[in-house]
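Asker: Mind folding the following:
(one chain, ligands or ions: 1)
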Amino acid sequence: MLTLYQFNSCPFCWKVRSLLNYAKQPYDIVEVTPMGMQELDFTDHAKVPVLKDDDKVIVESAAIVDYINEHYAQAPKSEDSKRWTDWVDETLVHYLPPLIHPNFTTSWKNFGAIMLADQYPAFKGFIVRLGGSIVMPKVAKRMKAKYDINDEKTEFLAAIDQWSDEGLTDKSFYGGDKPDFVDCSVFGVLRSGDQLGIVDMAKNHNSTFAAWYDRCYPIMSE
Ligand SMILES: N[C@@H](CCC(=O)N[C@@H](CS)C(=O)NCC(=O)O)C(=O)O
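Answerer: Numbers count the residues shown, from 1 in each chain. Reported below is the predicted structural model:
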């Protein structure tokens, strides 16, 4: 049985979930507590996602999606797949924290939308939301400096255009008539920002992207 240890707010975790959903592969989810991460006591890896396949433990989202694809999903890959999956992990994902957590007020609102209603007992939920809303704007600021992001909105929309122009070109999916491994990765990371205004902003900006996202949704989202 597959068990995914995750944060519901984590884009790398949604990338994994999108491929599992694409494969129609059942899996359990364990929501990890950001403070302490005691649910991950079985591993030295102190980040989510972590995947357990019975007793086998796989860490790092790139390794996890490769494992899932080899053993469960068998989504097609092309020669250029790695260029795009690296782009997802090294470029696209970095725009999300500055967009979702620019300051305490927006972060608090977004954590309210991200956190599942029954995720934690009430007081613990409050502490996790408060802690996240304090920490994440600082993380977002560090990311902007580290990755030289000056205007996250403009640069994010430019990345969406790049995906649309160079990835999708005139195809229904990156994979052609059907989605492939790359579609699942791009969709998954963006899916983490659904309901937080990010996806709507991208859809309003680029209709080719909007049509692709809507085609992916029923295939990759549970
Ligand atoms: N390179 C890692 C990045 C994972 C990552 O940054 N996870 C974040 C959540 S989005 C995390 O676990 N942060 C907790 C921490 O750093 O303490 C991957 O692809 O799995």
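
Asker: Just the buried residues of the helix or strand harbouring Arg142, please?
Answerer: Assigned by DSSP states H and E, Arg142 belongs to helix 122-146. Applying a neighbour-count criterion of 16 or more other Cβ atoms under 10 Å, one finds Gly125, Val128, Arg129, Gly132, Ser133, Met136, Pro137, Ala140, Met143, Lys144 buried in helix 122-146. Heads up, the C-betas are built off the backbone N, CA and C, glycines and all.

Asker: Tell me the residues of the protein that contact the ligand?
Answerer: Phe7, Cys10, Phe12, Ala46, Lys47, Val48, Pro49, Glu60, Ser61, Ala62 (Cβ under 6 Å from any ligand atom).

Asker: from those residues, which ones fall inside helices?
Answerer: Phe12, Ser61, Ala62 (DSSP state H).

Asker: would a markdown table of those with neighbour count be doable?
Answerer: Shown next, in a markdown table, are these (neighbours: other Cβ atoms under 10 Å):
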| residue | neighbour count |
| --- | --- |
| Phe12 | 23 |
| Ser61 | 28 |
| Ala62 | 15 |
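
Asker: mind listing the helices for this protein?
Answerer: So, for the chain - with DSSP H - the helices run 11-22, 61-68, 81-90, 96-100, 104-114, 122-146, 152-162, 181-191, 198-205, 207-220.

Asker: Tell me how many other residues crowd Ala210.
Answerer: A count of nearby residues for Ala210, using other Cβ atoms under 10 Å, gives 17.
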